[in-house]
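Chemist: Everything below, folded, please.
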Amino acid sequence: VKRRLQDTSIEYATPLERSTGHVRGFLRSSNSRVQVVVDRIGTITTQRDLHSEVLELLRDNAALRISINDYAEGLLADTFDLLDEAPGNAARMSVPV
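Modeler: As a prediction, this is how the structure comes out:
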C-alpha cells in the first residue's frame, strides 16, 4: 500500500507527465490512483492496534495527497490561464518544459 502511494507522486512522473500541458492530467490521474489505494486500505483487516494505526496514517496520507493535488491543480490552472492571456505566450505553452 505504501509503495502504491509513493508511485502516485509527481517525483516518479515521466518527463512528459511533468510537462506544462500534462500536469493537470497527471494530478487528476494521481488522485484516481490514490483513491484506489484508499479503497484497498478499507478492505484490509488487522488484528493488532499498531497495524490499524499504520493503516489510518496511510489513509490520512492519501487524503492529504488528494488535497495537495487539488490545491496544486488550482494554482496551476490560474497560472496557465494567466500565461495563456499574456501576448506571445500561447505558442510557448504547447511546448513541453
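Chemist: and the gap between residue 82 and residue 74?
Modeler: Remark: distance between residue 82 and residue 74 (Cβ to Cβ, to the nearest Å) = 13 Å. (Glycine included, C-beta is placed from N, CA and C.)
Chemist: Check residue 7 too.
Modeler: 23 Å.
Chemist: what about the two, which has more around it?
Modeler: residue 7 (14 against 11; other Cβ atoms under 10 Å).
Chemist: Pretty sure that one sits against residue 33.
Modeler: Yes: here residue 7 reaches residue 33: they are 7.2 Å apart, a contact under Cβ atoms under 8 Å.
Chemist: where does the chain have its least confident helix or strand?
Modeler: Of all helical and strand segments in the chain, the minimum by mean pLDDT, DSSP states H and E falls on helix 90-93, at a mean of 47.
Chemist: Tell me where the model's unsure across the protein.
Modeler: 1-2, 5-6, 10-11, 13, 17-21, 80-81, 83-84, 86-97 (pLDDT under 70).
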